[in-house]
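> Give me a model of this one.
(chains A, B, C and D)
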Protein chains: 2
Amino acid sequence: MNNHQWPVPEGEGVISAPPASSLRDENQPAGEVERLYLEIFDAVIDQRLRPGVKLTEAVLCDAFACSRGTVRAALAQLQHDKIVELQPNRGAFVAQPDIKETRDVFEARRMVEAAILDKLLSLPDLPDRLQQLWQMVRQERVAFERQDRVSWIRLSNAFHVQLVRLAENEVLTELMNSLCSRTSLIIALYDKPGCSACSFDEHEQILQHLSRGDRQAAQQAMRQHLQDCEQRMHFADRNVPDPWTMFHRQL
Amino acid sequence: MNNHQWPVPEGEGVISAPPASSLRDENQPAGEVERLYLEIFDAVIDQRLRPGVKLTEAVLCDAFACSRGTVRAALAQLQHDKIVELQPNRGAFVAQPDIKETRDVFEARRMVEAAILDKLLSLPDLPDRLQQLWQMVRQERVAFERQDRVSWIRLSNAFHVQLVRLAENEVLTELMNSLCSRTSLIIALYDKPGCSACSFDEHEQILQHLSRGDRQAAQQAMRQHLQDCEQRMHFADRNVPDPWTMFHRQL
DNA sequence: CTGTCGATAATTGTCAACAATATTTTGGAA
DNA sequence: TTCCAAAATATTGTTGACAATTATCGACAG
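All right, here's what the predicted structure looks like:
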């Protein structure tokens, strides 16, 4: 299992094997549709499925050996998470967030993550809880140094999600999970590989401020981090995935 | 259309006709499943479907004259929004948020709504935009005075959603929509009808502080408003919807 | 009377076929 | 050749049926 061949927009070749663990919680009993959901979700986040690619139902249910009913259920859920766009009678496409959505997502993240930092700083044992995050930042550095872009994006998201998880609020955790996955799509569309600076460095700084209990500095660092990320997006010469698909989406 | 007979836990009689407009945005082309989604969603928010009630697929597709595939798709989406709980091979139940979830939802709301007030206060033409909200508060008062509990809850939610909408951020709006609907479920479960004080009064105060541009007071009023609402919840003698259902949910 | 086991009934999970819609190809005329 | 129309193909939307699982009821032993 798990070594299917994804539909590729152009001739990008066979994708590498998907990673074992997902960003999302695996608390549910996980039926057939949940498996498909996670499979496609991961593929989009890892950019094995580029934004704008059409997800033909027949291809999917062939790739995963399941019926179209299952595929449709999974796609419906993904649409609800804004990971795919479901056009009536046309089919499902990996979502292509526009400039407005980019602005909204990052603004929401700045708001929510600032509030979360505030709460975290009121925890008495915060430095202890931060241990695992230091570990995570080290992994980020490794992924960055060996140019492993997929792992880097995945770990970068995981950092923010794990940070929220420390607040022990399920609602906020799921919320951040959703925002992070949408951010991944945005990065896939608008970020230039060359420009993706050392964000693990900024993560490290945030951790330092947090463990020192410096509220002001932590807030500022997080705000700057998110703002930097947003401003790395280039909307002019966008990362067009596939002229054929673009044409048929009337853009 | 729209005058179906909902499955009722005990002998609560026939439900009243559902209201015309929904809380949720109706931007999508609205397929068959979207209709079902909204129908069930509204019924839950309006408490015509009480928490814990089982939603049998056959009953639903009989009530709305559609196939089970449609019903399953709608239920899957509702599960994703935490409006219904989908137990594998057991069926769908209207969600019953527990104490922890209640805490988390209200904490998330305090965080997000505080941040939103901050943003709103930076808008130059805020007082103009607040016009429609004054109108809304008046409606709340009317609903409260004629003891129309359903309209009151609906309008109370709408107030918060509309307030967020002024910030012109789609992501935040949808987020608040989700949080408000979950709040409705919580109120249905844990609030005593008698105790639901004059919250429209608190809404009015928030508006006053906002139109005066008094950041400190507005923040405090919103915080207090949400905290009051949360503390009106009584977890001891909970509003048990149906012993039969409760039993089979292993509680 | 209570609790356990087994058969029956009801409900969900999955699938395959059909109808509706959209896309591609084909054919012909300017 | 280029453009337009219409048949042909492909894909999605919907439905109904069947298999798998679970809930209900009744018989029976303790």
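> count of neighbours near A:Gln213?
Quick fix: residue A:213 is Gly, not Gln. Residues lying near A:Gly213 (other CB atoms under 10 Å in any protein chain shown) number 11. (C-beta placed from N, C-alpha, C; glycine too.)
> what residues are up against it?
By CB atoms under 8 Å, 6 or more residues apart in numbering or on different chains, the residues touching A:Gly213 are A:Leu121, A:Leu126.
> Beta-bridge partners for A:Phe93, please?
Beta-bridge partners for A:Phe93, by DSSP bridges, are A:Lys54, A:Glu85.
> Ramachandran angles for the residue nearest the centre of chain A?
Closest residue to the average C-alpha location of chain A: A:Ser181 at 2.8 Å, with CA atoms, centre = their mean. Phi and psi for A:Ser181, reported as degrees, to the nearest 10, are phi -70, psi -40.
> With A:Gly213 instead?
Per degrees, to the nearest 10, the backbone of A:Gly213 is at phi 80, psi 20.
> so what pLDDT did it get?
Per-residue confidence at A:Gly213 stands at 94 (pLDDT).
> what about the residue located most distally from the centre of chain A, which SS state?
Using CA atoms, centre = their mean, the residue of chain A lying farthest from its centre is A:Pro124. It sits 30.4 Å away. Three-state call for A:Pro124 (DSSP: H, G, I helix; E, B strand; the rest coil): coil.
> so what's it up against?
So A:Pro124 contacts nothing (CB under 8 Å, 6+ apart).
> re the thing from before, distance-wise, check the residue nearest to the centre of chain A relative to chain B.
Relative to chain B, A:Ser181 is positioned 12 Å away (CB to the nearest CB, to the nearest Å).
> How about stretch A:162-172, which residues are buried there?
A:Gln162, A:Leu163, A:Val164, A:Arg165, A:Leu166, A:Ala167, A:Asn169, A:Glu170, A:Val171, A:Leu172 (16 or more other CB atoms under 10 Å in any protein chain shown).
> can you tell me which of these are in helices?
Counted as lying in helices by DSSP state H, out of the buried residues of stretch A:162-172, are A:Gln162, A:Leu163, A:Val164, A:Arg165, A:Glu170, A:Val171, A:Leu172.
> For A:Gln87, grab phi and psi.
Dihedral angles (degrees, to the nearest 10) for A:Gln87: phi -90, psi 130.
> and it, what does it touch?
Counted by CB under 8 Å, 6+ apart, A:Gln87 has contacts A:Phe93.
> Looking at it now. What's its pLDDT?
91.
> same question, A:Pro243
The predicted local confidence for A:Pro243 is 40.
> Then A:Arg48?
86.
> how many other residues sit next to it?
Neighbours around A:Arg48, by other CB under 10 Å: 17.
> now A:Arg109
If we define neighbours as other CB under 10 Å, then A:Arg109 has 23 of them.
> So, low pLDDT: which residues of the stretch 1-150 of chain A?
Across the stretch 1-150 of chain A, the ranges flagged by pLDDT under 70 are A:1-31.
> Flag every residue of it that's near DNA strand C.
By the rule CB under 7 Å from any atom of the strand, the part of the stretch 1-150 of chain A lying against DNA strand C is A:Gly31, A:Glu32, A:Val33, A:Cys66, A:Ser67, A:Arg68, A:Gly69, A:Thr70, A:Asn89, A:Arg90.
> Brilliant, that's me finished.
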